[in-house]
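In: Just need the structure, nothing else, for what follows:
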Amino acid sequence: MLRSLLYRLYGRQLERGIRDGQLPHHVGVILDGNRRYARRVGLARLSDGHVHGADKVEELVQWCDDLGIPIVTLWALSTDNINRQPQELAAIFEIIERKVESFARQEDTPKRRRVRVVGRRELLPESTRAAIERAEEATATAGPGELLVAIGYGGREEITDAVRRLLADRVRAGDSLEGIINDLQPDEISRYLYAPDIPDPDLIIRTSGELRLSGFLLWQSAYSEYYFCDVFWPEFRRIDFLRALRSYANRERRRGR
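Out: Numbers count the residues shown, from 1 in each chain. Below you'll find the predicted structure:
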């Protein structure tokens, strides 16, 4: 009980300091460690770790609502993850379907967010694609907060898809290959990313102790600040999130200048 009290007091102190400082406008989170968490605590199935992780997502979004962070991007499933065992994938897709629809049903939430999914949807089951479409349609007029969920997502794949669409549009417009090569600019590629209207993430958090991005928002993260946390995603606490925000607030963002 004493330890719990001390954590609450520490958390309040952290939050007071954070609210007086610079908060990120857009936070990206790599939700890593669900399976390792399941193994460590002895859950019956690996998919149970994903269930715990999905519940933690709602907590994170609420923390962002409380602090006024308008844009959140969560990496739930990579293109590499699509190669996992069919039984585990089926469970993950079922969890994803339930979770995106639960966010879509929160009509009475004062800070209801617009839900969007980014990634290669053709890799997903039909039922998952349908659930995503229902959630996006149901929250199309919500906001101004945004919740982006990366499913079937890979940073290299996003850049490849962007360049492919850009080239197709330019060729249809009658541009020559030489002309495209000579005047192609980074901003033009940016306009073909999965969510081109969303500003780049200010802060990217990865749980589970891994010190890499693994392809998360490769193009958009050029000037992002990174924060790596040792805890597995299902164990990620509000105090861990506040520490990440404190770290961000204490950094000087020069953006290459």
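In: The residue nearest to Arg105 when sequence neighbours are not counted: what's it in contact with?
Out: If you skip the residues right next to it in sequence, Arg105 has Ala138 as its closest partner in space, 7.6 Å away by CB to CB, 6 or more residues apart in numbering. From N, CA and C alone the C-beta is placed, and that goes for glycine too. Contact partners of Ala138, counting by CB atoms under 8 Å, 6 or more residues apart in numbering, are Ala104, Arg105, Val115.
In: and those, which of them are in strands?
Out: Restricting the contacts of Ala138 to those inside strands, with DSSP state E as the criterion, leaves Val115.
In: Nearest to Arg170 among the contacts of Ala138?
Out: Checking the contacts of Ala138 against Arg170 with CB to CB, the nearest one is Val115 at 31.5 Å.
In: follow-up on the earlier one: please report which of the contacts of Ala138 has the highest neighbour count.
Out: Val115 (24 neighbours; other CB atoms under 10 Å).
In: Can you give me the buried ones in stretch 104-120?
Out: Within stretch 104-120, the residues that count as buried by 16 or more other CB atoms under 10 Å are Ala104, Gln106, Lys111, Arg112, Arg113, Arg114, Val115, Arg116, Val117, Val118, Gly119, Arg120.
In: my bad, should have said stretch 159-178
Out: Burial within stretch 159-178, assessed by neighbour count using 16+ other CB under 10 Å, is assigned to Ile159, Asp161, Ala162, Leu166, Arg170.
In: could you give the mean pLDDT of that stretch?
Out: Across stretch 159-178, the average pLDDT comes to 96.
In: and Arg134, how many residues sit next to it?
Out: Arg134 is flanked by 16 other residues according to other CB under 10 Å.
In: all strands for the stretch 1-150 of the chain, in order.
Out: According to DSSP state E, counting those that start in this stretch, the stretch 1-150 of the chain carries its strands in the segments 26-30, 71-78, 114-118, 146-153.
In: Output the contacting helices and strands for the second one.
Out: Using 3 or more CB pairs under 8 Å, 6 or more residues apart in numbering; DSSP states H and E, the elements in contact with strand 71-78 are strand 26-30, helix 46-67, helix 86-104, strand 146-153.
In: can you list the residues that contact the longest one?
Out: Contacts of helix 46-67 with the rest of the structure, by CB under 8 Å, 6+ apart, involve 15, 18-19, 23, 27, 29, 31, 33-39, 43, 72, 74, 88, 91-92, 95-96, 98-99, 102-103, 111, 113, 145, 147, 233-234, 236, 238, 241, 245.
In: buried subset of the residues you listed?
Out: Burial by neighbour count, judged by 16+ other CB under 10 Å, picks out 15, 18, 23, 27, 29, 31, 33-38, 43, 72, 74, 91-92, 95-96, 99, 103, 111, 113, 145, 147, 233-234, 236, 238, 241, 245 from those.
In: Looking at Ala104 now. What's its pLDDT?
Out: Per-residue confidence for Ala104 comes out at a pLDDT of 83.
In: Touching, it and Ile132? I think so.
Out: No. Here Ala104 lies out of contact with Ile132, judged by CB atoms under 8 Å, at a distance of 9.6 Å.
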